[in-house]
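Undergrad: need a 3D model of the following:
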Amino acid sequence: DVTTIAYVQGELANRDGKDYMQVKDLRWTIEVKKAHSQFNNLFNGDKNLGVATNNFLNDNWEDAFKTYKHLPEEAFGVLFKDLINKVYGHFPFEELYLP
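TA: A predicted model of the protein is given here:
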């Protein structure tokens, strides 16, 4: 179960007499209620070590997630900011957001 929230800050830029939205800042947060992973063929097939590693990761997923969650959050922020700006660049604000 994953929840994501995007915080978007933008401004209007006038081009050819029309206003276009431009995203200046996009921050993405990810919250996970539970995670489970299964890695196979770890440690040259050492089954006992593989099982122990998978158990450790699944028992401690929350600490690992908190440590590394900034990586996908930053990547999604950059990706979606670029994607949204490409879309916004093709359509005047008044066409995207009707009164």
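Undergrad: how near is the spatially most central residue of the chain to residue 20?
TA: For the chain, the residue nearest the mean C-alpha position is residue 76 (3.4 Å; CA atoms, centre = their mean). For residue 76, the distance to residue 20 (CB to CB, to the nearest Å) stands at 23 Å. Where C-beta positions appear, they are placed from N, C-alpha and C, glycine not excepted.
Undergrad: check contacts around the residue lying closest to residue 32 once chain neighbours are set aside.
TA: Using CB to CB, 6 or more residues apart in numbering and skipping the chain neighbours, the partner closest in space to residue 32 is residue 2 (5.4 Å). Counting by CB atoms under 8 Å, 6 or more residues apart in numbering, residue 2 touches 30, 31, 32, 33.
Undergrad: show me what the lengthiest helix in the chain is in contact with.
TA: Counting by DSSP state H, the longest helix found in the chain is helix 70-88. Contacts to helix 70-88, defined as CB under 8 Å, 6+ apart, come from residues 4, 6, 8, 10, 20-23, 25-30, 96.
Undergrad: hmm, which of those are the buried ones?
TA: Buried members of these, counted by 16 or more other CB atoms under 10 Å: 10, 20, 21, 22, 23, 26, 28.
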